[in-house]
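J.: 3D model of this:
(one chain, ligands or ions: 1)
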Amino acid sequence: MKDVITIDGPSGSGKGTIAKLLAKKLGYRYFDTGALYRAVAWKTAQEKIDIDNEDALNTILRNMKIAFEDERVIVDGQDISSEIRTGEIGELSSRVSAKTTVREALFNIQREMCLQGKVVIEGRDTGTAIFPESENKFYLDADLEERARRRFEELKINYPGITMEKTIEDIKKRDLRDSSRESSPLTKSDDMVYVDSTGMAIDEVVSFINTNLK
Ligand code: DC
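T.: Okay, here's the model as predicted:
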């Protein structure tokens, strides 16, 4: 299985940017799995449900329709692409993604989307749980300060009051939750190529991955 390229890594590691550029370069589709968890988080916030209420969560998962149209995220006919990019939804999506029922519900959607053909898929468990059989698996990392700096630059556009200290704290919290949960935590498996992008230019990272493809 070489047509599915998986890129996993922590928040702010640059997975989204790199995966998108790599997909464009190769003529592959791009699939942001984090958007699925963000969409579920957004829906729970809309419906004001307690995410610890498993029945309510299951009802949402059964009924919501998630679609991707040219990288726009559409939930039940509504384009929520910008709404899911807030700091609050980022935090809530990390909490929602620790729920096994959510991961199970999203598993098939991810498999099906990837079986449609060549794709670069990025997230936290795409190489360990979604496409473990892929031969092209990467783990993208960068040091905490650099990841926080990238996230800070993104967030300060909409949140002028945000500070670097708060961003670092939030990233640390998310890293810990995403990598310590029971259900398919973020982890680097032995068959992934590790890429530390600290101090690397975006195009350097893309070409490093490209030259390491099988
Ligand atoms: O990559 P992101 O920040 O958009 O992801 C949002 C959250 O979704 C992240 O904190 C953890 C979760 N996630 C996950 O558990 N598994 C994935 N494959 C992708 C994202």
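J.: right, and the helix or strand after the helix or strand harbouring Ala105?
T.: Per DSSP states H and E: Ala105 is located in helix 100-114. Reading on from helix 100-114 to the C-terminus, the next helix or strand found by DSSP H and E is strand 119-123.
J.: show me what that next one is packed against.
T.: strand 4-8, helix 15-26, strand 29-32, helix 100-114 (3 or more Cβ pairs under 8 Å, 6 or more residues apart in numbering; DSSP states H and E). The way it works is simple: take the backbone N, C-alpha and C, and place the C-beta from them, glycine included.
J.: not counting its neighbours along the chain, what's nearest Ser189?
T.: Thr128 (5.4 Å; Cβ to Cβ, 6 or more residues apart in numbering).
J.: look at the one you found and tell me its secondary structure.
T.: Secondary structure, DSSP: H, G, I helix; E, B strand; the rest coil: Thr128 is helix.
J.: quick one: the helices in the protein?
T.: In the chain, the segments counted as helices under DSSP state H are 15-26, 34-46, 54-63, 87-97, 100-114, 144-155, 164-180, 202-211.
J.: can you say which of these is nearest to Ser81?
T.: Closest to Ser81 of those, according to Cβ to Cβ: helix 34-46, at 8.3 Å.
J.: which helices and strands sit right next to the closest one?
T.: Using 3+ Cβ pairs under 8 Å, 6+ apart: helix 34-46 touches helix 54-63, strand 66-69, strand 72-75, helix 87-97, helix 100-114.
J.: list the buried ones in that helix?
T.: Residues 34-45 are the ones in helix 34-46 that count as buried (16 or more other Cβ atoms under 10 Å).
J.: and the ligand, which of the residues you listed reach it?
T.: Of the residues in the buried residues of helix 34-46, proximity to the ligand by Cβ under 6 Å from any ligand atom holds for 34, 37-38.
J.: okay if I get these as TSV plus pLDDT?
T.: Below are those laid out as TSV (pLDDT from 0 to 100):
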residue	pLDDT
Gly34	96
Tyr37	97
Arg38	97
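J.: circling back: now do the contacts for the residue nearest to Ser189.
T.: 8, 184, 187, 189 (Cβ atoms under 8 Å, 6 or more residues apart in numbering).
J.: what is the burial count for the first one?
T.: Neighbour count of Asp8, defined by other Cβ atoms under 10 Å: 27.
J.: Ile18 now?
T.: So Ile18, with other Cβ under 10 Å, has 25 neighbours.
J.: repeat that for Asp76.
T.: Asp76 has 13 neighbouring residues, counting by other Cβ under 10 Å.
J.: among the helices of the chain, which is the most enclosed?
T.: Compared across the helices of the chain, helix 34-46 shows the largest average neighbour count, a mean of 22 (mean count of other Cβ atoms under 10 Å).
J.: hmm, who's touching it?
T.: By Cβ under 8 Å, 6+ apart, the residues outside helix 34-46 that reach it are 16, 51, 57, 60-61, 64, 66, 68, 73, 75, 80, 83-85, 88-90, 92-97, 102, 106, 109-110, 122-124.
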